[in-house]
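Visitor: give me a 3D structure for the following:
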Amino acid sequence: EPCGIFEPVGPRDVLTPVELERLKIYHDGLAFYRLRRWDRAEELFRSLDGDGLSVLYAERCRRYFREPPPEPWDGVTDLISK
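Guide: Predicted coordinates:
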């Protein structure tokens, strides 16, 4: 059964300015990803310097740039294995 997957980062009021900026960049990258703006999304995800989830999204952007997902596309990735 489908479910959302989230990565907790902590309460907003205890995050440092650097962490808040990284979170903003991540959310901006995700917005471009959902708009199918693979080039801009990949650029933002790569700017996060090796964060695990951002690396995953950057790789997806690169793949989708070469082979875009079919229309309609809702941005959801079906995970079929652990």
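
Visitor: what does the longest helix along the chain rub up against?
Guide: Longest helix of the chain, by residue count under DSSP state H: helix 17-34. Residues outside helix 17-34 that contact it (C-beta atoms under 8 Å, 6 or more residues apart in numbering): 9-10, 12, 15, 38, 40-42, 44-45, 47-48, 51, 53-54, 57, 60-61, 75. Where C-beta positions appear, they are placed from N, C-alpha and C, glycine not excepted.

Visitor: out of the residues you listed, which are buried?
Guide: Buried by 16 or more other C-beta atoms under 10 Å: Trp38, Ala41, Glu42, Leu44, Phe45, Leu48, Asp51, Ser54, Tyr57, Arg60, Cys61, out of the contacts of helix 17-34.

Visitor: Gly52 versus Pro70, what's the distance?
Guide: 27 Å (C-beta to C-beta, to the nearest Å).

Visitor: more neighbours: the two, which one.
Guide: Gly52 (9 against 6; other C-beta atoms under 10 Å).

Visitor: got a pLDDT number for Arg12?
Guide: If you check Arg12, the pLDDT there is 84.

Visitor: same deal with the one 5 residues further on?
Guide: If you check Pro17, the pLDDT there is 94.

Visitor: then Glu59?
Guide: 95.

Visitor: the longest helix of the chain: which residues count as buried?
Guide: Neighbour counts over helix 17-34 (16+ other C-beta under 10 Å) mark Arg22, Ile25, Tyr26, Gly29, Leu30, Phe32, Tyr33 as buried.

Visitor: just how off-centre is it within its chain?
Guide: 8 Å (C-alpha atoms, centre = their mean, to the nearest Å).
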